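Participant: The following comprises the amino acid sequence and a computationally predicted model.
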Amino acid sequence: MTVTVSASALGLATLIIIGLGGATAVCADEVRILSAAALQTAFPEIAREFGVASGHSLRINYVTIGAITQRVLAGETADVVIGSTLSMPALIQGGKIAQARGMQVDQRR
């Protein structure tokens, strides 16, 4: 079976690697990711490449965007949360995730 990984997926892998290596040092052998279910086809290859490059494994929990918002607001934690532009403002305003540099959050919601 051949898995084709789009340029966007590879960009996402790069962002994960940079994000984990930049602001917060990751000391665990396993990186916990809470991700939008739409990325299920991209992550197997990304996880393999990430493991080879970093020595860490990815434990990915795929859920809907709505479930990501509900679970994180309820206190679930992950090393990386991958949601949508609609879910992230609520998580930032709720103090559950940090706002990325340059990210604009619509305060009117």
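Facilitator: Okay, I see it.
Participant: and Pro44, how far is that from Ala98?
Facilitator: 28 Å (C-beta to C-beta, to the nearest Å). For glycine as for every other residue, the C-beta is placed from the backbone atoms N, C-alpha and C.
Participant: For the two, indicate the residue with more neighbours.
Facilitator: Pro44 (14 against 11; other C-beta atoms under 10 Å).
Participant: what's whichever helix or strand the more buried one is part of packed up against?
Facilitator: In this structure, Pro44 is located in helix 43-54 according to DSSP states H and E. Secondary-structure packing of helix 43-54 (3 or more C-beta pairs under 8 Å, 6 or more residues apart in numbering; DSSP states H and E): helix 7-22, strand 30-36, strand 57-63.
Participant: By mean pLDDT, show me the worst of these.
Facilitator: Across those, helix 7-22 has the smallest mean pLDDT, namely a mean of 49.
Participant: Low-confidence stretches in the chain?
Facilitator: For the chain, applying pLDDT under 70 flags the ranges 1-28, 102-109.
Participant: Apply 90 and report the result again.
Facilitator: 1-31, 38-39, 42-58, 79-93, 96-109 (pLDDT under 90).
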